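**Student:** I'll drop the sequence and a predicted model, then ask my questions.
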Amino acid sequence: MNIVVCVKQVPDTTVVKIDPVKHTLIRDGVPSIMNPDDKGGLELALQLKEKCGANVTVITMGPPQADLVLREAFAMGADRAILLTSRAFAGADTLATSNALAGALKAIPYDLIITGRQAIDGDTAQVGPEMAEHLALPQVSYVVDCEYKGGNNFRVKKETEDGYEILDVEGPAVFTVLASGYKARYMSVGGIVDAFDRQVEIWTEANLDIDPGKLGLKGSPTKVMKAFTKATKAAGQVYEVDAEQAVDVIITKMKEKFII
Amino acid sequence: MDFELTKSQKLFQQMIREFAEKEVKPIAAEVDEEEKFPTENIKKLGKLGVLGIPTPKNYGGAGGDHVMYTIAVEELSRVCATTGVIVSAHTSLCEDAILDNGTEEQKQKYIPKLASGEWIGAFGLTEPNAGTDASAQQTMAVADGDDYILNGTKIFITNAGEADVYVIATMTDKSKGNKGITTFIVEATTPGFSIGKKEHKMGIRGSATCELIFENCRVPKANMLGPLGGGFAVAMKTLDGGRIGIAAQALGIAQGAMDETVKYCKERKQFGKSLSQFQNTQFQLADLQTRIEAARYLVRAAAWKKDHGMPFSADAAMAKLFAAETAMDMTTKAVQFHGGYGYTREYPVERMMRDAKITEIYEGTSEVQRMVIAAKLFKK
């Protein structure tokens, strides 16, 4: 079985600063990490690898330094890594990103495509589902559990707002995974030692089966008018009490603050 | 000349820091309070390859280096000095001792199990009457056919009771003094070997520190580590390596105490401003962070020299001396900055101060480190 996992390198902070002129994230000085949901997706792929001997390819689109998340994927147990990097990809919104990834996926053998639900820097949750549409594949989003049923069949648990659904899926398909469902393994020390000696394949637009007009800024209908950092509020206090006690708590607090 | 960590060392630092924060830190107070050996975490570290970092891959190790190993001990000790010393004693004092001095058969037999964490390692040199004067060994090993028969007692042995393999210094010929000392590899299941009293310590309370008792303990000649009469050299060389680990442990304790102090000084307000706004706070912490950074360079330089096959004995002594004294000063100041809260177990700096003290004592006291450094100075 061939599994492809799409991952993204994101800034490791919830307090992201935004360039007031360009309306883009200021990445300088902020350490980068593998997006947590994507890492959960990679964990699912590696667990399937252990169960049915799958070959796990990891792919990311980003600047040359995004190479680091692929090294991390190697150290966790991935078999192959591809970095899509070129000026032609710059300024991509979710549509252009999903087009680029789908273009690359057409050139990679797969039985299953896994990615995270959403990235912590953009929070759109669009790239995975868009990719599935471009490739005309069935998709299951918000995956928290996946059981391998032999062949190319999976029983998938999908989280919904008020519960969950269990779906039987036959691959090839696209799953978008929640980090809460899959606690990612740590990199092994031996894997880290080897990670930088292994080959990360560098792909540009030349490797993709796609119209160049659909890539990067040109292929991005999204125009950001304004971006700003949300003002921080003080941490709230959580009371786990029944309704009656809750009323007392609220009234006491309001009195304390002279609201009533 | 390059002061940067390599890419793999940096990636390893990211991984071990995450492990320390998520797996080790949450149980550090409990490990201390209940004198509980963190078995589960040690198993996890073994699976990840942290118990065989500088060990070559052909012996089942991770194939890393001693710089990475110091990063591991530093990051673990930053949140839990107990976990740091368990890894240090296992790696430097047992695994490295066998790797550096063992025969091919000994390496094949013991190293893969130690590197994977299937077996835990320990080292026994100290005796009731042989502390800093390690040459006064009274544990005797007498040849008997294809075996040696060991009799005697070791004390203050780190990882004792938890370990499966021990590197033990013995006296094989009293008339020869230092040259009469021989080291052996002793398995915990060997008849005649037992664990004695467990110490109740001021700090690193989760690490097992016990007495080892040898009563007609029969060890095959094939388990002799290094040449007959060469045990003192084996022990001293092993301790040189061990000191790099303890220096890293002290460095981690110091940095951990600094992290806690910076956090506290930002939050704590007195006289209408946070402690971090007082120049007294700023100057004291600036001086201490300078010493911590200097200790880090000494630790990594000693490890780097070991990795490059260069003499590192005095470097390791300097690293341990400086890092240990920095850890003691930093943790004492950390408690002071925390005031009354720092004296309670509500904050980790109290534990860190207790943990720091041992780094000035074990694997050679600070006085021994000064002897080693001075010996190199006056050798010329």
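**Tutor:** Thanks, I have it. The shown structure was predicted, so the numbers you read here are calculated from the model rather than taken from an experiment.
**Student:** number of nearby residues for the residue of chain A found nearest chain B?
**Tutor:** In chain A, the residue that lies nearest chain B is A:Val189 (3.4 Å; Cβ to the nearest Cβ). (C-beta placed from N, C-alpha, C; glycine too.) Burial of A:Val189 is recorded as 30 neighbouring residues (other Cβ atoms under 10 Å in any protein chain shown).
**Student:** is it true that it touches B:Phe12?
**Tutor:** Yes: judged on Cβ atoms under 8 Å, A:Val189 makes contact with B:Phe12 at a distance of 6.5 Å.
**Student:** what lies in contact with the strand or helix carrying A:Phe175?
**Tutor:** For A:Phe175, the host element (DSSP states H and E) is strand A:174-177. Contact with strand A:174-177 is made by A:37-38, A:40-41, A:44, A:112-118, A:125, A:128-129, A:131-132, A:135, A:137-144, A:146, A:154, A:156, as judged by Cβ atoms under 8 Å, 6 or more residues apart in numbering or on different chains.
**Student:** and that strand, average pLDDT?
**Tutor:** Taken as a whole, strand A:174-177 carries a mean pLDDT of 96.
**Student:** tally of neighbours for residue 95?
**Tutor:** Using chain A. As a burial measure, the neighbour count of A:Leu95 was computed by other Cβ under 10 Å and equals 17.
**Student:** you answered for a different chain; I wanted chain B.
**Tutor:** Using other Cβ under 10 Å, B:Glu95 has 30 other residues around it.
**Student:** contact partners for the residue nearest to it when sequence neighbours are not counted?
**Tutor:** By the measure of Cβ to Cβ, 6 or more residues apart in numbering or on different chains, the closest residue to B:Glu95 outside its immediate chain neighbours is B:Leu114, 4.5 Å from it. When the contact criterion is Cβ under 8 Å, 6+ apart, the partners of B:Leu114 are B:51-52, B:55, B:90, B:94-95, B:98, B:120-121, B:165.
**Student:** restricted to strands, list the residues you listed.
**Tutor:** Filtering those for membership in strands, criterion DSSP state E, returns B:121, B:165.
**Student:** export the contacts of B:Leu114 to JSON lines and tack on distance to A:Leu217 and pLDDT?
**Tutor:** What follows is the contacts of B:Leu114, written out as JSON lines (distance: Cβ to Cβ, whole Å; pLDDT from 0 to 100):
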{"residue": "B:Leu51", "distance to A:Leu217": "50", "pLDDT": "98"}
{"residue": "B:Gly52", "distance to A:Leu217": "49", "pLDDT": "98"}
{"residue": "B:Thr55", "distance to A:Leu217": "50", "pLDDT": "98"}
{"residue": "B:His90", "distance to A:Leu217": "54", "pLDDT": "98"}
{"residue": "B:Cys94", "distance to A:Leu217": "59", "pLDDT": "98"}
{"residue": "B:Glu95", "distance to A:Leu217": "54", "pLDDT": "97"}
{"residue": "B:Ile98", "distance to A:Leu217": "60", "pLDDT": "98"}
{"residue": "B:Ile120", "distance to A:Leu217": "57", "pLDDT": "98"}
{"residue": "B:Gly121", "distance to A:Leu217": "58", "pLDDT": "98"}
{"residue": "B:Val165", "distance to A:Leu217": "62", "pLDDT": "98"}
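**Student:** which among the contacts of B:Leu114 gets closest to A:Asp211?
**Tutor:** The shortest approach to A:Asp211 among the contacts of B:Leu114 belongs to B:Gly52, at 51.4 Å (Cβ to Cβ).
**Student:** right, and B:Arg291 touches B:Lys333 too?
**Tutor:** No: under the contact definition of Cβ under 8 Å, B:Arg291 does not touch B:Lys333, with a separation of 10.8 Å.
**Student:** ok, now how distant is the residue nearest to B:Gln289 when sequence neighbours are not counted from B:Leu321?
**Tutor:** By the measure of Cβ to Cβ, 6+ apart, the closest residue to B:Gln289 outside its immediate chain neighbours is B:Met258, 6.1 Å from it. Shown here: B:Met258 relative to B:Leu321, a distance of 19 Å by Cβ to Cβ, to the nearest Å.
**Student:** on that earlier part again, sec struct for the residue nearest to B:Glu95, please.
**Tutor:** In three-state terms, and counting by DSSP: H, G, I helix; E, B strand; the rest coil, B:Leu114 is helix.
**Student:** now it: how far from chain A?
**Tutor:** 14 Å (Cβ to the nearest Cβ, to the nearest Å).
**Student:** same thing with B:Gln284?
**Tutor:** Plainly put, B:Gln284 is 27 Å away from chain A if you go by Cβ to the nearest Cβ.
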